[in-house]
Each structure stands twice: as C-alpha cells, then as structure tokens.
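> Got a predicted structure plus its sequence, pasted below:
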Amino acid sequence: MMNRIFDMDNPLWRFLGKLADLMILNILFLLCSIPIFTIGASLTGVYYVCLKIKEQEEGYIVRNFFKSFKQNFVQSTIIWLIMLALGLLLGTEFYMYRDTTGTFARVIKGMIVVGAVMWTMVFFVIWAMQARFYNSIKNTFINAILVAFANAPRTFAMIGLLIGVLFIYTRNEFTISYGTLYWILVGFAVQVLANVYLVYPIIEKLMPEKTDADLTPDNRFNVDETADFSALGYTSIPEEEFRKMHEPQKEDKTAPAADEAAPASGGEVPPASE
C-alpha cells in the first residue's frame with residue numbers, strides 16, 4: 001500500500017507534478033509580462049510549453065519557455081502591439097458611440113461588435129500558430145484568421161471557457177478573493193493548456209509527418225504543402241515560394257567540415273528569421 005502511494009507513476013503524483021509545472025509556467029508568464037509590451041512573447045512561450053505538454057514532450061519548463069520567448073520575441077511583440085492597437089481602437093470607438101442613438105449609431109455599434117468578435121477569435125488562435133509554425137507576420141495573421149473562422153465552434157469554445165471562468169470569478173467577494181489567487185498561481189497557464197487541447201486537432205493537420213529527417217530541434221514547422229487545407233479553409237504556401245524555402249543550399253567547399261564546424265556540445269539549429 002505504502003509503495004503505491006510513494007510510487008512516482010501514481011496518478012496523484014503525476015497530477016501534482018503537472019500542477020507544479022503549470023504553477024511555474026504561470027509565474028514565468030506573469031513576471032515576463034510586467035513590461036506590458038512583452039505580453040506577446042510571454043503568451044507565445046506559454047503556448048509553446050503547453051503544446052509540448054500536450055505532446056508529452058514538456059522537458060524543462062523554464063528552459064523551453066525562455067527558448068521560445070527569445071526565439072519569438074521580435075515577431076511576437078509586433079503581433080501583440082498590432083493586436084493591442086486594434087483592441088484600443090475598437091474600445092475607443094465603442095466609448096465614443098456608447099450613448100449615441102439613431103440608425104447610423106446602431107450601424108457603427110454593430111460594426112464594432114463584429115470587429116470585437118473577430119479580434120477575439122484571432123487572438124485565441126494566433127499565439128498557437130506563432131508558437132508552432134515558422135512564418136511571416138502577415139502570413140501568421142492570415143492563417144490565424146482562416147483557422148479561427150473555419151473552425152469557429154472550437155474557437156468559440158475557447159472564448160466560452162474563459163467567459164465561464166470569469167463569470168464564476170466575479171460572482172461575489174469570496175470568489176473574487178480566491179479567484180485572484182487562482183489566476184496568480186495557475187490560472188493563465190491552465191487557460192492556455194485548455195486552449196491548446198481545443199486547437200491542437202486543427203494545427204496538427206497542418207504539420208508534416210513527424211519523421212526524424214523532418215523534425216526541427218524545437219518541433220516547429222513550416223506549413224506542409226501537402227496538408228489538407230481545404231478542410232480548414234487554409235491557404236497553402238505558393239509553390240514557387242515553397243520551393244525557394246526548401247531549395248538545397250550549395251555546398252561551400254572552402255568551409256570547414258561539418259564535424260569541425262559543429263560545437264562540441266551539440267548546439268541547436270538557429271530559428272528561422274523573425
């Protein structure tokens with residue numbers, strides 16, 4: 001009996017281990033989001049780690065988080081600032097027209113609501129796309145929009161889950177006090193992990209088959225040319241561009257041998273340019 005209790009493969013210990021990982025991840029997200037403009041890179045880092053948890057390849061939580069944070073910092077920050085600017089624009093427009101009446105005002109309010117829904121749907125998808133695929137900022141936005149709208153039920157499920165948690169959180173002083181503790185300790189990481197489980201079946205269809213030759217050190221991919229985009233409303237990479245991306249590089253005969261050039265410790269392949 002005692003041996004089963006202290007067995008590290010016991011479901012209870014596995015659950016506590018996952019909970020501890022999520023607590024560490026949540027604290028990293030909060031600390032790295034303090035400057036505000038780094039929230040995009042922090043979100044990408046959380047999604048990156050949660051994708052690995054989903055695939056049971058989590059490894060070292062802190063190392064993986066900062067690896068993604070560093071690799072995606074520039075591009076994720078630009079995406080975050082664009083999303084923030086659009087969100088502030090929608091909020092400002094709503095504030096300006098909130099008390100106005102008339103047909104024109106109703107049309108404007110309707111457009112604001114539609115814009116807010118679109119913004120929210122893209123926001124819930126774009127960080128998983130950024131964490132998993134190498135792509136330009138423009139294509140990341142386009143792909144996130146297509147995936148979010150082509151799979152609207154899953155996207156709305158992610159949004160609905162967050163709304164449900166916030167509804168419970170704001171019920172009374174008791175739920176607010178303990179809910180605040182929940183968000184500080186583990187809430188953001190749990191929300192992202194739930195989102196990953198909902199969005200993963202979508203992005204999994206866009207990944208190439210996992211062979212030893214195709215895997216990158218961090219399991220990030222270019223969108224596979226042969227993926228079934230029609231089922232997702234997803235646009236494939238133009239053939240000419242795809243060929244350029246995969247065109248073999250000419251061997252430099254003056255360069256040192258691969259064994260001599262590689263670092264003794266086995267360095268990782270550098271990420272694609274942001």
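Looks like it came in fine. Note that the coordinates shown come from a computational prediction; the quantities given were computed from them, not determined experimentally.
> hey, let's count contacts and neighbours off CA atoms from now on
Noted.
> Report the buried residues of the strand or helix carrying V114.
For V114, the enclosing helix or strand under DSSP states H and E is helix 103-132. Across helix 103-132, burial judged by 16 or more other C-alpha atoms under 10 Å covers 109, 112, 116, 119-132.
> Also stretch 197-205?
Neighbour-count burial for stretch 197-205 flags 197, 199, 202-203, 205 (criterion: 16+ other C-alpha under 10 Å).
> on that earlier part again, taking the mean pLDDT, what do you get for the helix holding V114?
Averaged across helix 103-132, the pLDDT comes to 91.
> Could you give the average pLDDT over the next helix or strand after that helix?
Sequence order places helix 137-150 as the next helix or strand after helix 103-132, per DSSP H and E. Average pLDDT, helix 137-150: 93.
> mind saving the C-alpha coords of the next helix or strand after helix 137-150 as CSV?
Counting by DSSP H and E, the next helix or strand C-terminal to helix 137-150 is helix 152-169. This file holds the C-alpha atoms of helix 152-169, laid out as CSV (Å, rounded to 0.1, in the frame of the first residue of the first chain):
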residue,chain,number,x,y,z
ALA,A,152,-15.5,28.6,-35.4
PRO,A,153,-17.0,26.0,-32.9
ARG,A,154,-13.6,25.3,-31.4
THR,A,155,-12.7,29.0,-31.3
PHE,A,156,-15.9,29.9,-29.6
ALA,A,157,-15.4,27.0,-27.2
MET,A,158,-12.1,28.6,-26.1
ILE,A,159,-13.8,32.0,-25.7
GLY,A,160,-16.8,30.5,-23.9
LEU,A,161,-14.5,28.7,-21.4
LEU,A,162,-12.8,31.9,-20.5
ILE,A,163,-16.1,33.7,-20.1
GLY,A,164,-17.4,31.0,-17.9
VAL,A,165,-14.3,31.2,-15.6
LEU,A,166,-14.6,35.0,-15.4
PHE,A,167,-18.3,34.7,-14.7
ILE,A,168,-17.6,32.5,-11.7
TYR,A,169,-14.7,34.7,-10.7
